[in-house]
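In: when you get a sec, could you give me coordinates for this:
(one chain, ligands or ions: 1)
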Amino acid sequence: MAGGTVAAMATPAAASSAPGAAGLGAATSSASQADWDWNWPWPDKEKRKVGRNHLVTIPGEDRFTPFGLTIRAGDSVTWRNEDTDNHTVVTDDAFTTTDNLGVNHLILGTDDNNGKPGLFTLTFRKPGNFVYYCRFHSHLDQFNQPVAPGPDGGIQDASGNFGTPMMGVITVLPAGRSAN
Ligand SMILES: [Cu+2]
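Out: Predicted coordinates:
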């Protein structure tokens, strides 16, 4: 087996040094390398222009973290549902001034997604606010308190205190290269 490996490795080396093919091969290789160097790794200001991806995590609780996120136009946001339960991203269109209106998306939890976190990504091209909630876990009762989703609380802690309903806001700033 060792002898076969050596022979196989020797073959391309011999071919690349063969006379005649060397000139054209070298020119093609050089051009490809120049393209590669220009594209990756991106200089910082170029990287800013192509848009970044930001993560909003749903931990093993009924909440989005971070609650508030500031991004730049052209950036994308990925929601990652690490909870066992399913959750949703639903736009509060009356308060949303950026793009991606009308979103109503189910993000599977690990119980329904073969043990893996469900993912959902949106790209924002227009500056403004993106206000959203989970349609399962953001309802308020008649006293404007979040309705706990189940017997184990979720958004109600062990002391009986309510947290915020399951919602979040993304602030989309104009495209630029100086912010994070
Ligand atoms: Cu939810």
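
In: I'd like to know how far residue 58 sits from the ion.
Out: Distance, residue 58 to the ion, by CB to the ion, to the nearest Å: 7 Å. Where you see a C-beta, it was placed from the backbone N, CA and C, and this is true even at glycine.

In: return the set of residues that bridge with that residue.
Out: Beta-bridge partners for residue 58, by DSSP bridges, are residue 81.

In: so where's this protein uncertain?
Out: Scanning the chain for pLDDT under 70 picks out 1-50, 140, 144-164, 177-180.

In: for it, what spans make up the helices?
Out: According to DSSP state H, the chain carries its helices in the segments 2-16, 21-39, 44-50.

In: can you list the domain ranges for this structure.
Out: Annotated domains of the chain cover 2-40, 52-173 [automatic domain parsing].

In: next, the buried residues of stretch 166-180.
Out: For stretch 166-180, a neighbour-count test (16 or more other CB atoms under 10 Å) marks 166, 167, 168, 169, 170, 171, 172 as buried.

In: what's the answer for stretch 91-101, then?
Out: Per 16+ other CB under 10 Å, stretch 91-101 contains these buried residues: 91, 92, 96, 98, 100.

In: give me the subset of the buried residues of stretch 166-180 touching the ion.
Out: Contacts with the ion within the buried residues of stretch 166-180, counted by CB under 5 Å from the ion: residue 166.

In: closest to residue 107 out of the buried residues of stretch 166-180?
Out: Checking the buried residues of stretch 166-180 against residue 107 with CB to CB, the nearest one is residue 166 at 11.8 Å.

In: ok, that closest one - contacts?
Out: For residue 166, the contacting residues are 62, 63, 64, 87, 133, 134, 136, 137, 138, 146, 155, by CB atoms under 8 Å, 6 or more residues apart in numbering.

In: strands - which of these land there?
Out: Among these, the residues falling in strands (DSSP state E) are 87, 133.

In: now the contacts of residue 166 as CSV including neighbour count and distance to the ion?
Out: Shown next, in CSV, are the contacts of residue 166 (neighbours: other CB atoms under 10 Å; distance: CB to the ion, whole Å):
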residue, neighbour count, distance to the ion
62, 25, 5
63, 22, 8
64, 26, 9
87, 24, 3
133, 19, 8
134, 25, 3
136, 16, 4
137, 24, 4
138, 21, 7
146, 20, 11
155, 21, 9
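
In: show me the two of the contacts of residue 166 that sit farthest apart.
Out: Farthest pair in the contacts of residue 166, by CB to CB: 87 and 146, 14.4 Å.

In: how about the residues of the chain by the ion?
Out: So far as CB under 5 Å from the ion goes, the chain lies against the ion at 87, 134, 136, 137, 166.

In: may I see those arranged in CSV, with distance to residue 79 as well?
Out: Below are the residues of the chain next to the ion laid out as CSV (distance: CB to CB, whole Å):
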residue, distance to residue 79
87, 8
134, 10
136, 14
137, 14
166, 12
